[in-house]
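# Quick one, what's the 3D model for this:
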Amino acid sequence: MGEERSEIVFFDVETSVPTRAGQGFALLEFGAILVCPRTLTELRDYSTLVRPANLSVITPLSERCNGINAAAVSAAPTFADIAHLVYDLLHGFFLLLSLSLSLSLSLSLLKLINCSEF
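As a prediction, the model looks like this:
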């Protein structure tokens, strides 16, 4: 499986809210924090807005759900721009995904960071 790490990582994402069948989710924000399991102190953190390929996926419903609008992400990096940072943060960890996080989005994120176990 590769090198296991001793830190604990917590991560969260915000996504667009699909408004029609088959639309899928677009990642709008990623954040993570690494914590020492013995002292529970923060070791590292990272957060960024993420610009989707198509800004029109950010509908009024999406904005009401997470407060993120197209103007806020228009100058943000794309996921391709930050994928290596996300990989560095999450690689080598056993991931426990939030029940509120869409399974399809979770699997897509893991595939994007090249997590071969999935």
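# Tell me where this structure is predicted with low confidence.
Along the chain, segments meeting pLDDT under 70 span 1-5, 94-118.
# Tell me where it has helices.
Remark: helices assigned in the chain by DSSP state H are 60-66, 70-73, 79-90, 103-112.
# Could you list every helix and strand that the longest one packs against?
So that's helix 79-90. strand 8-15, strand 27-35, strand 42-49, helix 103-112 (3 or more Cβ pairs under 8 Å, 6 or more residues apart in numbering; DSSP states H and E). C-beta coordinates here come from the backbone N, C-alpha and C atoms, glycine included.
# looking at those, which is buried most?
strand 27-35 (a mean of 19; mean count of other Cβ atoms under 10 Å).
# Give the pairing partners of that strand; include direction for each.
strand 8-15 (antiparallel), strand 42-49 (antiparallel) (DSSP bridges).
# now the last one and helix 79-90, what's the angle there?
In other words, strand 42-49. Calculated by axes from the mean of the first three to the mean of the last three Cα atoms, to 10 degrees, strand 42-49 forms an angle of 160 degrees with helix 79-90.
# same question, the first one
Taking the same axes, to 10 degrees, one finds that strand 8-15 is oriented at 160 degrees with respect to helix 79-90.
# could I have strand 8-15 exported to PDB, CA atoms only?
The C-alpha trace of strand 8-15 is given here as PDB (Å, rounded to 0.1, in the frame of the first residue of the first chain):
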ATOM      1  CA  ILE A   8      -4.300  12.600  11.200                       C
ATOM      2  CA  VAL A   9      -5.800  14.500   8.300                       C
ATOM      3  CA  PHE A  10      -9.200  16.100   8.200                       C
ATOM      4  CA  PHE A  11     -10.500  17.500   4.900                       C
ATOM      5  CA  ASP A  12     -13.600  19.100   3.700                       C
ATOM      6  CA  VAL A  13     -14.900  20.200   0.300                       C
ATOM      7  CA  GLU A  14     -17.600  22.500  -1.000                       C
ATOM      8  CA  THR A  15     -19.300  21.600  -4.300                       C
END
